[in-house]
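Asks: What would the 3D arrangement of this be:
(one chain, ligands or ions: 1)
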Amino acid sequence: MLPPALERQRHRLYAQTVDAMSERLGAAAGDEGAVFSALRWGMKEMDDTFAETPARVRAAVACRAGCAHCCSVPVEVQAHEVFFAADHIQVNFSPVDLAAVLARTADHRGKVAVLPSAARASRRQPCALLRDDRCSIYAGRPAACRAHHTSDAAVCAADAAGQPTDLEKVYLPALRSRLFAVMLGLDAAVEAAGFDDRAYDFGSALNEALTNSLCRIRWLRGQPAFPASCLAV
Ligand code: SF4
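Replies: The predicted model follows:
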């Protein structure tokens, strides 16, 4: 239960984000460049919301570069986050690095595909984008990764090791409520604009996005972007 002031702030941020993103996507009218411009705005909005969070709240964040415990849990995303990340990779990665990402995401996809859906949510497997305990697509990472922070890395380490933990206790409500308001506001606007709103496994869907150009066309037409084998559960 959030304090009333945080609850009001959460509602305001959510509504502002839905309105601003809906306006951008409406004006884009399916134009690919304008849709991606709207996605870039949305991800920057998440980063700006973090930066505008009171300094005393940010000071309690334990997350540091090189700490990657949370990058071994399943990453559940919507299609727009996959295409945002794929775009980042295609623009910024060398052919050698791109080939390496294709190989790692294909390996990841193969391991996830054989799991029964109930086991997908509990698997512990390093993200295919993790290199030397750092995110190799930091500026292009999904919204879920941007919204995740805790106040105690030891608890994250225990969770990553599969030990019983209570992550809820080390979340920072004054930060998490703000970032989730923006993330969910972006999702709501994307869904309202008619884009695919299914929940995908990030590594599997990213492999499909990087190897099959048709999925981007399907997505821009409002159709399911990725095959059912890429769904999160
Ligand atoms: S995309 Fe980056 S931040 Fe997100 S889980 Fe993968 S390595 Fe970690």
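Asks: who's in contact with the lowest-mean-pLDDT helix or strand in the chain?
Replies: Every helix and strand of the chain was ranked by mean pLDDT, DSSP states H and E. The lowest is helix 117-120, at a mean of 81. If you take C-beta atoms under 8 Å, 6 or more residues apart in numbering as the criterion, helix 117-120 is touched by 74, 112, 201, 231-233. Where C-beta positions appear, they are placed from N, C-alpha and C, glycine not excepted.
Asks: What's the separation between residue 56 and residue 175?
Replies: Taking C-beta to C-beta, to the nearest Å as the measure, residue 56 falls 11 Å from residue 175.
Asks: Give me the pLDDT for the closest residue to residue 186 other than its chain neighbours.
Replies: Distance criterion C-beta to C-beta, 6 or more residues apart in numbering; nearest residue to residue 186, sequence neighbours excluded, is residue 42 at 4.4 Å. With respect to pLDDT, residue 42 has a value of 98.
Asks: Contact partners for residue 42?
Replies: 17, 21, 143, 182, 186.
Asks: Confirm that it lies within a strand, as I assumed.
Replies: No. Residue 42 sits outside any strand when classified using DSSP: H, G, I helix; E, B strand; the rest coil, being helix.
Asks: Between residue 56 and residue 175, point out the one with more neighbours.
Replies: With neighbours defined as other C-beta atoms under 10 Å, residue 56 and residue 175 compare such that residue 175 has more, 21 against 8.
Asks: Would you confirm that the more buried one contacts residue 55?
Replies: No. If you go by C-beta atoms under 8 Å, residue 175 and residue 55 don't touch, sitting 11.4 Å apart.
Asks: just to revisit the earlier point, how far does the least confident helix or strand of the chain sit from its chain's centre?
Replies: Computed by C-alpha atoms, centre = their mean, to the nearest Å, the chain-centroid distance of helix 117-120 equals 19 Å.
Asks: need the longest helix for the protein.
Replies: Ranked by residue count under DSSP state H, the longest helix found in the chain is helix 4-28.
Asks: Look up the closest residue to the residue nearest the centre of the chain, ignoring the ones flanking it.
Replies: Nearest residue to the geometric centre of the chain (C-alpha atoms, centre = their mean): residue 142, 2.5 Å. Nearest non-adjacent residue to residue 142, counting by C-beta to C-beta, 6+ apart: residue 81, 4.0 Å away.
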